[in-house]
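**Student:** Okay, sequence plus prediction incoming.
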Amino acid sequence: GQNIDQPTEMTATEGAIVQINCTYQTSGFNGLFWYQQHAGEAPTFLSYNVLDGLEEKGRFSSFLSRSKGYSYLLLKELQMKDSASYLCAFEDDYKLSFGAGTTVTVRA
Amino acid sequence: EPEVTQTPSHQVTQMGQEVILRCVPISNHLYFYWYRQILGQKVEFLVSFYNNEISEKSEIFDDQFSVERPDGSNFTLKIRSTKLEDSAMYFCASRETGEKNIQYFGAGTRLSVL
């Protein structure tokens, strides 16, 4: 079957680094996505990995290991506005399957 | 920057009534999607649409649901006879063809069924 696991909550201090892990199981795989979602708002695209390795995009980086069914999102130099839910999702047959999301709280 | 737009932002309806949720995808995108998110739960896939037909649908997308692209710009989701459990945030998304399969989401329609 298909499954995605990510931690429910994480807390970090402004300026720090946080790593959100995601493990997934799926028979079909076209890529791994990370979205940011503020409460009551739409998911906003952050990053996309289709090959193994690290993708860096400003303060955000994402890593993928397809053989391990594992990804992480790294948020550096945390800012208060980064307080949000971070959704891990894989694509299979052009549709996204989302995890339940990790709520990150950034404290001053 | 182009964006997916959805109307209305909030729809309140009585159980058993029909509702139509509207979306205008990004203009050069060819793949369209509806997802829903029940309060406090994860985002769930409902249906994908390409080349004027449904390409895939989930178990949630039963006979009460339908989608349509009535003209060159709009993409609609109709729920024929709403139930209390249809109360959720409904997101439309669109994707361009090409190597990067990035789906861009609209701001959503909050559907409240009373």
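**Tutor:** Structure received.

**Student:** Which residue ranges of the chain form strands?
**Tutor:** Using chain A here. For chain A, applying DSSP state E gives strands covering A:3-5, A:9-13, A:18-25, A:31-37, A:44-49, A:53-57, A:60-65, A:70-75, A:84-92, A:95-98, A:102-107.

**Student:** I was thinking of chain B, sorry if that wasn't clear
**Tutor:** Under DSSP E, chain B gives strands at B:5-7, B:10-13, B:19-24, B:31-37, B:44-50, B:53-57, B:65-68, B:75-79, B:88-95, B:103-105, B:109-113.

**Student:** As a markdown table, those strands with mean pLDDT, distance to chain A and mean neighbour count would be great.
**Tutor:** C-beta here means a position set from N, CA and C on the backbone, and glycine is covered the same way. Formatted as a markdown table, the strands of chain B follow (pLDDT from 0 to 100; distance: least, CB to the nearest CB, whole Å; neighbours: other CB atoms under 10 Å in any protein chain shown):
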| stretch | mean pLDDT | distance to chain A | mean neighbour count |
| --- | --- | --- | --- |
| strand B:5-7 | 96 | 9 | 17 |
| strand B:10-13 | 97 | 11 | 14 |
| strand B:19-24 | 97 | 12 | 19 |
| strand B:31-37 | 96 | 6 | 24 |
| strand B:44-50 | 96 | 5 | 20 |
| strand B:53-57 | 94 | 6 | 14 |
| strand B:65-68 | 96 | 14 | 17 |
| strand B:75-79 | 97 | 15 | 19 |
| strand B:88-95 | 96 | 6 | 24 |
| strand B:103-105 | 95 | 4 | 24 |
| strand B:109-113 | 97 | 8 | 18 |
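
**Student:** returning to what we had before: now for the strands of chain A, which one comes closest to chain B?
**Tutor:** Closest approach to chain B among these (CB to the nearest CB): strand A:95-98, 4.3 Å.

**Student:** which neighbours does the closest one have in its sheet, and in what orientation?
**Tutor:** Strand A:95-98 sits in its sheet next to strand A:84-92 (antiparallel), going by DSSP bridges.

**Student:** State the mean pLDDT of the strand it pairs with.
**Tutor:** Over the span of strand A:84-92, the pLDDT mean works out to 95.

**Student:** Strand B:31-37 and that one, what's the angle between them?
**Tutor:** If you take axes from the mean of the first three to the mean of the last three CA atoms, to 10 degrees, strand A:84-92 sits at 130 degrees to strand B:31-37.

**Student:** what is the orientation angle of strand A:84-92 with strand A:44-49?
**Tutor:** 50 degrees.

**Student:** A:Asp93 is nearest to which of the strands of chain B?
**Tutor:** strand B:53-57 (6.0 Å; CB to CB).

**Student:** Taking strand B:44-50 as reference, get the angle to the closest one.
**Tutor:** Interaxial angle, strand B:53-57 versus strand B:44-50 (the same axes, to 10 degrees): 150 degrees.

**Student:** helices or strands up against strand B:53-57?
**Tutor:** Other helices and strands packing on strand B:53-57, by 3 or more CB pairs under 8 Å, 6 or more residues apart in numbering or on different chains; DSSP states H and E, are strand B:44-50.
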